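Peer 1: I need the structure of the sequence given here:
(7 chains)
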Amino acid sequence: MTIKPLADRVVIKMVEAEETTKSGIILAGSAKEKPQVAEVVAVGPGGTVDGKEVKMYLKVGDKVLMSKYSGTEVKVDGQEYTILRQDDVLAIVE
Amino acid sequence: MTIKPLADRVVIKMVEAEETTKSGIILAGSAKEKPQVAEVVAVGPGGTVDGKEVKMYLKVGDKVLMSKYSGTEVKVDGQEYTILRQDDVLAIVE
Amino acid sequence: MTIKPLADRVVIKMVEAEETTKSGIILAGSAKEKPQVAEVVAVGPGGTVDGKEVKMYLKVGDKVLMSKYSGTEVKVDGQEYTILRQDDVLAIVE
Amino acid sequence: MTIKPLADRVVIKMVEAEETTKSGIILAGSAKEKPQVAEVVAVGPGGTVDGKEVKMYLKVGDKVLMSKYSGTEVKVDGQEYTILRQDDVLAIVE
Amino acid sequence: MTIKPLADRVVIKMVEAEETTKSGIILAGSAKEKPQVAEVVAVGPGGTVDGKEVKMYLKVGDKVLMSKYSGTEVKVDGQEYTILRQDDVLAIVE
Amino acid sequence: MTIKPLADRVVIKMVEAEETTKSGIILAGSAKEKPQVAEVVAVGPGGTVDGKEVKMYLKVGDKVLMSKYSGTEVKVDGQEYTILRQDDVLAIVE
Amino acid sequence: MTIKPLADRVVIKMVEAEETTKSGIILAGSAKEKPQVAEVVAVGPGGTVDGKEVKMYLKVGDKVLMSKYSGTEVKVDGQEYTILRQDDVLAIVE
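Peer 2: Next up, the predicted model:
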């Protein structure tokens, strides 16, 4: 079962806490509540969104940082995901 | 009796809880209050909405994810529906 | 005495509770407070509204669904009406 | 002494309660606080308002319905008036 | 010492209470707190404001009505003034 | 050490209370909390700001009036400054 | 490990309190809570953001002033950063 995000949305999967520590990325403040680093698992088609042309520059596999208040959480096949607009993704970490 | 949504709106019918479990889709958090996965039962004509040209890409029969705070609920012929703008639909699940 | 709505507004008359039951349309939740299904009794001329060209697609006699928080209520000749913008009408029921 | 409204504004005078009853127009709810039906006594020139071209379609003498929360009240020569934007007038009654 | 308002702003001076009574203009409600009728004492140059071309139609000496919540108050050489955008002036009184 | 404001921002320095009294400018109300008259000490380059072309008309040395709620305060080399957008400056005093 | 900001965002690193004192920059008010002066460590590509073309004028190494309420904080490899839009940077200090 797959999630196909619409318009300029992407689907991301939170990176596990252990993995986060290993890579040295720890989030400030209330990071225990919800990690902000995530992996992109699906990318919408972009196109005309609210009358403006949007080009998708995120790719599946990108590790990204986002505000923890962005997006909507869903759970599919026992895995939690967040669906958010590409513009709400702050940065790629490499 | 049928509902014909106007402009860029779609009509969706919540997928029953049993069906949701079978398909493996369970929604995070307060999912008991209101499931977020739904089936599209009617699609508006699109066209010029608020001065912008909107093309409808959703089709009747699509299984979709949406924020539970989106749209307006109505009950027609004993069945509950939600009417919302296409842009408030987050993703298609397949 | 007639009401002629301005710009992109329409005038609607709530369908009586009895009539609602007969047609099988019952509204969810706080439906007892105010029914959402209504009949269009007057349609504004459309034209340029807030700098955008608006075309009226609703017709007198259309049965429509709307959010119960939309529009302004008035009472003319002992009959209650609601005046709202065409874009606040969600769907036509047939 | 006359009031000349600016831009897309109109000046309206509330129709007296007695007159309202005679014409059969009674407003719902908190109508006792402030009647919503009024007569247009002055119309602004229209023109470019907030970067958009506005054409005035209201005329002096029009009987209009408006939301009771619209506009600013003033008192000139012992008569109360309300100044509001043409777009805040909901309908003409005839 | 003079105040030269910028962009689409005007400087107005409240008309004294005595003068107001003489001319027959009395403001409704909380008029005792702050009169709404004022005289224009300076007019900004207009031009491009927030990406839109604004033409100044108010002139020094105009008697105007405004909402009492508009603008910013300043005191120069012992005289109180209000600086507000031309669009916040409701009407000219003659 | 110098502050170079970005885009359509200017840097202003509050005029001392003594100087204010001498020039006859006293601000109404809560003027004791924060004077509104200030001197421009740096001007940004203007250019395209939020998709609109902005031309800077303020110059270093201009005495200006502003709302006391505008801008962000900073302290550099022991001197307090406020950084605000040119459009938040109300008027020049001469 | 590097952070690559997206669209019109920049990544900044707060300048240490000691360094701030040395350079003579002290921030007004609640400066003890969070310093506002920072160094740019990464700059996004700019391009079309919300339908508008944005050109990046900040460079890595710029010392900047910003409102302390701007941006989102993250911690990578034990170092705290803030990611914010270029337009939320107020000024460059030299």
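Peer 1: which residue does chain A have closest to chain E?
Peer 2: Residue nearest to chain E within chain A: residue A:52 (16.7 Å; C-beta to the nearest C-beta). Quick note: C-beta positions are derived from backbone N, CA and C, even for glycine.
Peer 1: tell me the confidence at the closest residue to that residue other than its chain neighbours?
Peer 2: Leaving aside its chain neighbours, residue A:52 sits nearest to residue G:51 (3.5 Å; criterion: C-beta to C-beta, 6 or more residues apart in numbering or on different chains). Here, the pLDDT recorded for residue G:51 equals 88.
Peer 1: thinking residue G:51 is in contact with residue A:48, fair?
Peer 2: No - counting by C-beta atoms under 8 Å, residue G:51 stays clear of residue A:48, with 10.3 Å between them.
Peer 1: quick one: residue A:74 and residue A:83 touch, right?
Peer 2: Yes - contact criterion C-beta under 8 Å: residue A:74 and residue A:83 qualify, at 6.4 Å.
Peer 1: those two: which has the busier surroundings?
Peer 2: residue A:74 (26 against 23; other C-beta atoms under 10 Å in any protein chain shown).
Peer 1: residues of chain A that sit close to chain B?
Peer 2: Contacts of chain A with chain B, taken as C-beta under 8 Å from any C-beta of the partner chain, map to A:1-7, A:9, A:11, A:42, A:44, A:48-51, A:72-78, A:80, A:83.
Peer 1: ok, now which ones touch residue A:49?
Peer 2: A:7-8, B:87 (C-beta atoms under 8 Å, 6 or more residues apart in numbering or on different chains).
Peer 1: most surrounded residue in these?
Peer 2: residue A:8 (24 neighbours).
Peer 1: roughly how far does it sit from chain D?
Peer 2: 27 Å (C-beta to the nearest C-beta, to the nearest Å).
Peer 1: that residue contacts residue A:56, correct?
Peer 2: Yes - between residue A:8 and residue A:56 there is a contact under C-beta under 8 Å: 6.9 Å.
Peer 1: for chain A, which segments count as strands?
Peer 2: Ranges of strands within chain A are A:3-5, A:9-14, A:37-43, A:47-49, A:52-54, A:63-66, A:72-76, A:79-85, A:89-93, based on DSSP state E.
Peer 1: Provide the strand pairings for the fourth one, with the direction of each partner.
Peer 2: In the sheet containing strand A:47-49, its partner strands are strand A:52-54 (antiparallel), by DSSP bridges.
Peer 1: next, the buried residues of the strand it pairs with.
Peer 2: By neighbour count on 16 or more other C-beta atoms under 10 Å in any protein chain shown, the buried set for strand A:52-54 is residue A:54.
Peer 1: what do you get for stretch A:2-17?
Peer 2: A:3-12, A:14-15.
Peer 1: now those residues as TSV including pLDDT and distance to residue C:63?
Peer 2: Compiled in TSV, the buried residues of stretch A:2-17 are given as follows (pLDDT from 0 to 100; distance: C-beta to C-beta, whole Å):
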residue	pLDDT	distance to residue C:63
A:3	96	36
A:4	97	35
A:5	97	35
A:6	97	30
A:7	96	31
A:8	97	36
A:9	97	34
A:10	98	40
A:11	97	39
A:12	96	43
A:14	86	46
A:15	83	51
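Peer 1: wait, which of the residues you listed is closest to residue D:94?
Peer 2: Using C-beta to C-beta, residue A:7 comes nearest to residue D:94 of these, at 45.3 Å.
Peer 1: roughly how far apart are that closest one and residue E:86?
Peer 2: 40 Å (C-beta to C-beta, to the nearest Å).
Peer 1: also residue A:8?
Peer 2: 39 Å.
Peer 1: before we move on, what about residue A:4?
Peer 2: In terms of C-beta to C-beta, residue A:4 sits 51 Å off from residue E:86.
Peer 1: for chain C, what's its nearest residue on chain A.
Peer 2: For chain A, C-beta to the nearest C-beta, closest residue to chain C: residue A:51, 11.0 Å.
Peer 1: wait, doesn't that residue sit right on residue B:87?
Peer 2: No - counting by C-beta under 8 Å, residue A:51 sits too far from residue B:87 to count as a contact (10.8 Å).
Peer 1: low-confidence ranges in chain A?
Peer 2: A:16-35 (pLDDT under 70).
Peer 1: how does it look with 90?
Peer 2: For chain A, residues meeting the criterion pLDDT under 90 lie at A:1, A:14-37, A:50-51, A:67-70, A:74-80.
Peer 1: in chain A, which residue sits closest to chain F?
Peer 2: residue A:52 (11.1 Å).
Peer 1: most centrally placed residue in chain A?
Peer 2: residue A:12 (3.4 Å; C-alpha atoms, centre = their mean).
Peer 1: list the contacts for it?
Peer 2: When contacts are taken as C-beta under 8 Å, 6+ apart, residue A:12 is in contact with A:38-41, A:64, A:66, A:71, A:81-82, A:84, A:89.
Peer 1: of those residues, closest to chain G?
Peer 2: residue A:89 (5.9 Å).
Peer 1: give the contact list for that closest one.
Peer 2: Applying C-beta under 8 Å, 6+ apart, the residues contacting residue A:89 are A:10, A:12, A:58, A:64-66, A:70, G:6.
Peer 1: let's see 7 Å
Peer 2: A:10, A:58, A:64, A:66, G:6 (C-beta atoms under 7 Å, 6 or more residues apart in numbering or on different chains).
Peer 1: so it bridges to which residues?
Peer 2: Beta-bridge partners of residue A:89, as defined by DSSP bridges: residue A:66.
Peer 1: next one: it from residue E:9, what distance?
Peer 2: 40 Å.
Peer 1: tally of neighbours for residue A:47?
Peer 2: By other C-beta under 10 Å, neighbour count at residue A:47 equals 15.
Peer 1: where does chain A get nearest to chain D, residue-wise?
Peer 2: Closest point on chain A to chain D, by C-beta to the nearest C-beta, is residue A:51, at 16.7 Å.
Peer 1: which residues do residue A:74 and residue A:83 both contact?
Peer 2: residue B:65.
Peer 1: which residues are in contact with residue A:50?
Peer 2: Per C-beta under 7 Å, 6+ apart, neighbours of residue A:50: residue B:52.
Peer 1: sorry, back to before: how much space between the residue of chain A closest to chain D and residue E:88?
Peer 2: Applying C-beta to C-beta to residue A:51 and residue E:88 gives a distance of 30 Å.
Peer 1: who's in contact with the closest residue to residue A:46 other than its chain neighbours?
Peer 2: Using C-beta to C-beta, 6+ apart and skipping residues adjacent in sequence, the residue nearest residue A:46 is residue A:56, 4.2 Å away. Residues in contact with residue A:56 (C-beta under 7 Å, 6+ apart) are A:8, A:43-44, A:46, A:86.
Peer 1: residue A:51: how many residues sit nearby?
Peer 2: Neighbour tally, residue A:51, other C-beta under 10 Å: 12.
Peer 1: over to residue A:1?
Peer 2: Residues contacting residue A:1 under the criterion other C-beta under 10 Å number 10.
Peer 1: my guess is it contacts residue B:93, does it?
Peer 2: Yes - between residue A:1 and residue B:93 there is a contact under C-beta atoms under 7 Å: 6.3 Å.
Peer 1: common neighbours of those two, please.
Peer 2: Applying C-beta under 7 Å, 6+ apart, one finds that residue A:1 and residue B:93 are jointly contacted by residue A:76.
Peer 1: pull the distance from stretch A:86-94 to the chain's centre.
Peer 2: 8 Å (C-alpha atoms, centre = their mean, to the nearest Å).
Peer 1: quote the end-to-end distance of that stretch.
Peer 2: Terminal residues of stretch A:86-94 lie 18 Å apart, using C-alpha to C-alpha, to the nearest Å.
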